[in-house]
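In: Structure for the following, please:
(one chain, ligands or ions: 1)
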Amino acid sequence: MKFLTIFTTLLAVSSAKKCIVKAPASNAADANDVASDVETPSENVDAPAEISDNEGKLNDEVDSNDEDSNNENSGKKSGKLPASFKWGAATAAYQVEGAWNVDGRGESVWDHFTHLYPHNVETGRPGDEDSISGNVACDSYHKFEEDVKMMKIMKANHYRFSISWSRLFPDGQAKKEKGKWNVNEKGAEYYDMVINTLIENDITPLATLYHWDLPYALHEKYGGWLDYHSQYDFAKYAEFCFERYGDRVKNWITINEPWVNCVAGYKNGPGKAPYRCTGEAPRKLQNDTTGLDLLGGCSYEIGPSQYTPDSEVLPANRPPQRLEEVWCSHNILLGHAQAVKVYRDKFQKKQKGLIGITVDGEAQIPWEEPNMTEEEYANNEKYANLAAEFRIGWYSDPPITGDYPESVKQRMGKDLPEFTPEQKKLLKGSSSDFLGWNTYTSHWAAQVKNEDGTYVEPPTDKEANYENSKRDMWDDNCRGRGDGWTCIPPTLGSQAGSSWNTKYGPTIRVGLNWFAKRYEGLIKNGIIITENGCAQPNYKVSRANDQVTIDYFKSIGKEEFADAYDEDMIEREDDLEGTLIHDTYRIDWYKQYLENLRLAYVEDGVDVRGYMAWSLIDNYEWENGYETRFGMTYIDFYNDPELKRVPKDSLTFLGQWYTENVEQE
Ligand code: PNW
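Out: This is a model prediction of the structure:
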């Protein structure tokens, strides 16, 4: 049977110091072009070229912040992306900066919990705390100019970085008294330097305010994102950033990936800080301890009130443990909205920048079987949309439409917190300037069947609750079989170097179309891919699924997706001559995803305005440590005290792709 799906068509296919960084020799010619003679940051930033003069037309007025109304059609005839396309790479503060206790920086939850539970990180060197934490990482705190050289090689015109909240406000609480902020000035100067250096090099800053590094003091004080107060502390910190940096930063992302922050930080632990494990993730069972377990495990201490794995309800303002991820999500979305309100009320009109949220989430692909009827497939398409509403819409609807998707409300029943009418108003349109999407991998979706072949039906209103909410669909667990991160075969695409990371190019096109359709007319400056990339396959990831995946794709007549690779693709930490530098798997990833992005723009008319590759450099890959490498630049973390940056082939490839596929002015 032949199905008309999107992807069948795809295969056709120092602060004041001036610092102009040049690319390394082989790219010198290009670098001279870009590192032009910008004199001072202020000259460059007063009226950034890509932002139209929209004075007096902000907030709800129709054409507010439409930075380039012609964008939509300009590149289509040529088959290229428009010259205004935002092109660059991304990193996050805790993963690259290091200098964790330098110049007055305060502890974040990542500092605290990596130090307390060193065994929660999958790789590292025994006894070497720096090898399991972001203590030093790439030391971008001291080596930022080296990073800019790498940006030049890929011809970046934008750079996405994040600001460390606890570097600015060590106890998390920003306050302005008598016109003066209680900021850690040395920390604030670091970001002045970053921003100015970028601008001097013709690279536009795209700053994220929160990339998972909550000041530990706030976790200790009231339980961090589990508590309602977090939104106000976040908004105050954001206000400082707008006031200090907003003359130069015109693109703000409030929160990075609320889903990962809350699900991996509170439910599926101990994965991400604060290492809570309120769900049924397999790793919990091994380490289900009360109190401190210095060898590794889940954390149950929180705030002024200690509680144990058995405590069902926390004191005032705290959710029941089983709903921690849900409440974390709720509060973090409100934090986003509060920060946007501050920007809109006090800064946007003058500064003329854009603000939005970045969500993550797998594109949902309807499950297909060789002898399926059209009705069955159509039903799975319907369920793919429902699964996407759960996985993505839960986070992207509130900042655009002002509320959770109806399907999520119906299935969660009373376990889903409600936004008050004022909160809905606050949320609605809070990501209407642009929407950021981090995209890596797709998942299958379908309506699950009972053993007798009948469909599992959605919960009735009476049955609706957190536990029942997803039982009739294949949601974020890959066809509903098993729990946790790892997909059960067949997977969509070949296995990259992180358990959840599979290479399936149509991911980006399917997802972009899903957003475009759902939010038609509601996002003024389109969608920005704020992350996409892969870890080169490595020794840690099992490929047991390869054959199942190959056989499956053959069985449905789509052999082209039976993507597998030879052993020589696998990264070996001791082989500098190999894929550590000559990263052909990663190049193929970028080729496939970028081609699908291009098609989404030129063929489907999706308003996609930017692409940030993850990541500019190898860095601290959270609970996977330093041996899961997502970078386009190599660093020998264990043996090289200089942390020298060595460009990989993929970095050069991206520079070429940009020249060939984006209109040059
Ligand atoms: C993103 N998943 O995280 C983050 O924003 C980065 O900090 C991180 O380094 C990068 O992707 C690579 O991991 C994700 O399970 C973590 O689907 C997990 C998932 C997706 C993204």
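
In: how many neighbours does G353 have?
Out: 23 (other CB atoms under 10 Å). (Glycine included, C-beta is placed from N, CA and C.)

In: typed the wrong thing, it's D551
Out: That count, for D551 with other CB under 10 Å as the rule, works out to 12.

In: Check what contacts the helix or strand encompassing it and list those residues.
Out: Assigned by DSSP states H and E, D551 belongs to helix 546-555. Contact with helix 546-555 is made by 370, 489-491, 494-495, 559-562, 564, as judged by CB atoms under 8 Å, 6 or more residues apart in numbering.

In: Tell me the helix or strand right after it.
Out: Criterion used, DSSP H and E; the element after helix 546-555 is helix 584-602.

In: residues in contact with that following helix?
Out: Outside of helix 584-602, the residues within contact range by CB under 8 Å, 6+ apart are 10, 13, 75-76, 79-81, 439, 496, 503, 505-509, 512-513, 529, 532-534, 536-537, 565, 569, 579, 606, 608, 611, 613, 632, 648-650, 653-654, 657, 661.

In: Check those for burial and list the buried ones.
Out: Buried by 16 or more other CB atoms under 10 Å: 10, 75, 80-81, 439, 496, 503, 505-509, 512-513, 529, 532-534, 536-537, 565, 569, 579, 606, 608, 611, 613, 632, 648, 650, 653-654, 657, 661, out of the contacts of helix 584-602.

In: What residues does the stretch 51-200 of the chain have near the ligand?
Out: 92, 95 (CB under 6 Å from any ligand atom).

In: where in the stretch 51-200 of the chain is pLDDT low?
Out: 51-75 (pLDDT under 70).

In: before we move on, the earlier item: strands - which of the buried ones among the contacts of helix 584-602 land there?
Out: Judged by DSSP state E, the buried ones among the contacts of helix 584-602 include 503, 529, 608, 611, 613 as members of strands.

In: can you tell me which residues contact the third one?
Out: The contact partners of V608, by CB under 8 Å, 6+ apart, come to 512, 526-529, 597, 600-601.

In: which among the ones in strands among the buried ones among the contacts of helix 584-602 gets closest to the ligand?
Out: Each of those was scored against the ligand by CB to the nearest ligand atom, and A613 proved nearest at 11.1 Å.

In: The closest one: what's it in contact with?
Out: 88-90, 154, 531-533, 590, 632, 654.

In: Any stretches of the stretch 401-550 of the chain with poor pLDDT?
Out: Using pLDDT under 70, the stretch 401-550 of the chain drops low at 474-488.

In: how about the residues of it that lie near the ligand?
Out: So far as CB under 6 Å from any ligand atom goes, the stretch 401-550 of the chain lies against the ligand at 438, 440, 485, 500, 531.

In: burial count for S542?
Out: Quick note: S542 (other CB under 10 Å) scores 10 neighbours.

In: Next: G557.
Out: G557 has 12 neighbours, counted by other CB under 10 Å.

In: pLDDT at it, what is it?
Out: What the model reports as pLDDT for G557 is 94.

In: cool, and the one 4 residues further on?
Out: According to the predicted model, the pLDDT of F561 comes to 88.

In: pretty sure it is in contact with T502, am I right?
Out: No - under the criterion of CB atoms under 8 Å, F561 makes no contact with T502, lying 10.6 Å away.

In: Name the residues contacting each of those two.
Out: Contact criterion CB under 8 Å, 6+ apart; residues shared by F561 and T502: 492-493.

In: on that earlier part again, which of the contacts of V608 are buried?
Out: Looking at the contacts of V608 with 16+ other CB under 10 Å, the buried ones turn out to be 512, 526-529, 597, 600-601.

In: Spell out the residue ranges of the strands in the stretch 401-550 of the chain.
Out: 435-438, 442-445, 494-495, 502-503, 527-531 (DSSP state E, counting those that start in this stretch).

In: Which parts of the stretch 151-300 of the chain are helices?
Out: All helices of the stretch 151-300 of the chain, identified by DSSP state H, counting those that start in this stretch, fall at 165-168, 185-200, 216-222, 230-245, 258-262, 282-286.

In: out of these, deepest packed?
Out: A comparison of the helices of the stretch 151-300 of the chain by mean neighbour count, using mean count of other CB atoms under 10 Å, puts helix 165-168 on top with a mean of 28.

In: Out of the residues of the stretch 401-550 of the chain next to the ligand, flag the one nearest to the ligand.
Out: The ligand has its nearest neighbour among these in W500, at 3.9 Å by CB to the nearest ligand atom.

In: how close does that closest one sit to G361?
Out: Plainly put, W500 is 12 Å away from G361 if you go by CB to CB, to the nearest Å.

In: out of these two, which sits in the busier spot?
Out: Neighbour count, other CB under 10 Å: between W500 and G361, G361 has more, with 26 against 18.

In: what's that one in contact with, if anything?
Out: Contacts of G361 (CB under 8 Å, 6+ apart): 259, 388, 391-392, 395-396, 437, 439, 511.

In: One more: C138?
Out: Counting by CB under 8 Å, 6+ apart, C138 makes contact with 95-98, 147, 617-619, 635, 643.

In: Quick check: of those residues, which lies closest to T401?
Out: Q95 (31.9 Å; CB to CB).

In: Quick check: the closest one touching N619?
Out: Yes - taking CB under 8 Å as the definition, Q95 is a contact partner of N619 at 4.1 Å.

In: so what sits against both of the two?
Out: By CB under 8 Å, 6+ apart, the residues touching both Q95 and N619 are 137-138.

In: State the pair within the residues of the stretch 401-550 of the chain next to the ligand that is farthest apart.
Out: W485 and E531 (17.2 Å).

In: between the two, which one's more packed in?
Out: Taking neighbours as other CB under 10 Å, W485 and E531 compare with E531 leading, 25 against 19.

In: just to revisit the earlier point, ranking the contacts of G361 by neighbours, who comes first?
Out: Counting neighbours by other CB under 10 Å, S396 comes out on top of the contacts of G361 with 31 neighbours.

In: May I have the beta-bridge partners of the closest residue to that residue other than its chain neighbours?
Out: Nearest in space to S396, with sequence neighbours left out and distances taken as CB to CB, 6 or more residues apart in numbering, is V359 at 4.8 Å. Beta bridges link V359 to W437 when assigned by DSSP bridges.

In: Residue numbers of the stretch 551-665 of the chain in contact with the ligand?
Out: 614, 621, 630.

In: make it 8 Å
Out: Contact residues, the stretch 551-665 of the chain versus the ligand (CB under 8 Å from any ligand atom): 614-615, 619, 621-622, 624, 628, 630.

In: what's the closest of those to K462?
Out: Looking at these and their distance to K462, the nearest is W622, at 39.7 Å (CB to CB).

In: mind checking how far that closest one is from F113?
Out: Distance, W622 to F113, using CB to CB: 11 Å.

In: ok, now Y404?
Out: 29 Å.

In: Next: W394.
Out: Taking CB to CB as the measure, W394 falls 26 Å from F113.

In: Equivalent analysis for A564, please.
Out: From A564 to F113 the distance is 37 Å (CB to CB).
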